[in-house]
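> Quick check, what structure comes out for this input:
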Amino acid sequence: MPYDGAQAGRRRCHRPAQRPASPPAKSSGYLVAVIHPPTDDPVVIIQHEAAAHPGTLLETLVNAGLTVDVRQLHAGANVPAVAELGEIAGLVVLGGSMNADQASEFPFIDRERRLLAAAVEDGLPVLGICLGGQQLAAAIGGRVYAREVAEVGWLPVDVVRDDALLRGICSPFCALEWHAQSFTVPAEAAVLAVRPGDPGVQAFRVGRRAWGLQFHAEVDESILRFWLRRDNKGVARRDPALHARLTEAVPQVVADSRVLCRQLVENFVASF
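Below is the predicted model:
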């Protein structure tokens with residue numbers, strides 16, 4: 001389902017289209033299985049800004065038959081209340097150009113962190129992406145820190161621990177990095193993926209069903225081309241050759257990210 005994160009709206013709810021009933025399957029000696037969505041409750045996505053919309057992630061959730069409730073904070077929506085956690089199937093927190101240490105400028109940061117801590121305690125399926133992953137790390141006692149140089153590029157990531165979220169994903173795999181802060185996690189969290197030679201965490205799990213990611217698997221072409229034009233990490237100034245390579249590689253990065261995102265989201269939904 002196409003989705004334009006720049007469209008106006010305080011909350012956007014997406015429900016799968018009703019499919020016509022299929023005719024009875026003829027007997028062929030094989031078991032005919034009917035796949036149903038794992039839950040009728042919505043998956044709530046917290047979106048911080050128009051330029052960081054859910055992209056392929058939303059498309060994959062809707063195609064799985066799930067109801068999705070996108071809370072667009074930049075358009076006036078609020079962070080869900082802790083009391084709402086019992087009414088949702090899962091929580092996804094996206095990225096954004098703001099940093100996890102800017103709570104005085106962005107009051108939602110503290111509210112979101114409390115929500116994530118409560119979701120982990122309740123055992124709710126959670127997926128944090130970039131800023132969302134940093135927020136999840138901070139909510140469980142991890143450290144978010146400013147990098148000396150922003151990590152930007154289509155870069156290799158090593159899987160260092162088997163986990164249900166990364167099932168079917170090879171190691172190393174390439175992913176889009178676009179962030180100026182990184183994070184570490186406390187001992188009770190399981191580190192799942194790292195960048196070679198970098199102290200930051202790329203993927204982790206805390207509890208049974210809460211995961212944080214540093215990389216962006218959800219990017220579609222509209223997201224990546226906007227980020228390259230805006231260039232809020234100063235790539236064109238600092239490394240014009242890298243900026244040119246990324247601009248040229250947009251179709252391939254988007255295609256490969258789509259495959260990665262679909263696998264991650266299917267694995268995430270399997271935890272519901």
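> Would you mind listing where the stretch 101-250 of the chain has pLDDT under the threshold?
For the stretch 101-250 of the chain, no stretch is flagged by pLDDT under 70.
> So which residues of it form helices?
Assigned by DSSP state H, counting those that start in this stretch, the stretch 101-250 of the chain shows helices spanning 108-122, 131-139, 221-230, 235-238, 240-248, 250-269.
> List every C-alpha atom in the third one, with coordinates, as CSV.
Which is helix 221-230. Only the C-alpha atoms of helix 221-230 are listed here, as CSV (Å, rounded to 0.1, in the frame of the first residue of the first chain):
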residue,chain,number,x,y,z
GLU,A,221,12.9,5.7,-2.7
SER,A,222,11.0,8.8,-1.4
ILE,A,223,12.7,8.6,2.0
LEU,A,224,16.3,8.1,0.7
ARG,A,225,16.1,10.7,-2.0
PHE,A,226,14.8,13.3,0.4
TRP,A,227,17.5,12.5,2.9
LEU,A,228,20.2,12.8,0.3
ARG,A,229,18.7,16.2,-0.8
ARG,A,230,18.4,17.5,2.7
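> Show me which residues of it are buried.
Applying a neighbour-count criterion of 16 or more other Cβ atoms under 10 Å, one finds S222, I223, L224, F226, W227, L228 buried in helix 221-230. Any C-beta I mention is one placed from the backbone N, CA and C, and that applies to glycine too.
> which other residues reach it?
The contact list for helix 221-230 (Cβ atoms under 8 Å, 6 or more residues apart in numbering) reads 4-5, 51-53, 55, 176, 178, 216, 235, 243, 246-247, 250-251, 253-254.
> Please apply the same query to the last one.
Contacts with helix 250-269, where a contact means Cβ under 8 Å, 6+ apart, come from 38, 55-57, 60-61, 64, 66, 90, 125, 127, 154, 164-169, 173-176, 211, 213, 216-221, 224-225, 228, 246.
> sorry, back to before: could the helices of the stretch 101-250 of the chain go into JSON lines alongside distance to F183?
Output for the helices of the stretch 101-250 of the chain, formatted as JSON lines (distance: least, Cβ to Cβ, whole Å):
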{"stretch": "helix 108-122", "distance to F183": "13"}
{"stretch": "helix 131-139", "distance to F183": "4"}
{"stretch": "helix 221-230", "distance to F183": "20"}
{"stretch": "helix 235-238", "distance to F183": "21"}
{"stretch": "helix 240-248", "distance to F183": "23"}
{"stretch": "helix 250-269", "distance to F183": "18"}
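> what lines up beside whichever strand or helix holds I46 in the sheet?
Assessed by DSSP states H and E, I46 sits inside strand 43-47. Applying DSSP bridges, strand 43-47 is found paired with strand 68-72 (parallel), strand 90-93 (parallel).
> and these, which is most packed in?
strand 90-93 (a mean of 27; mean count of other Cβ atoms under 10 Å).
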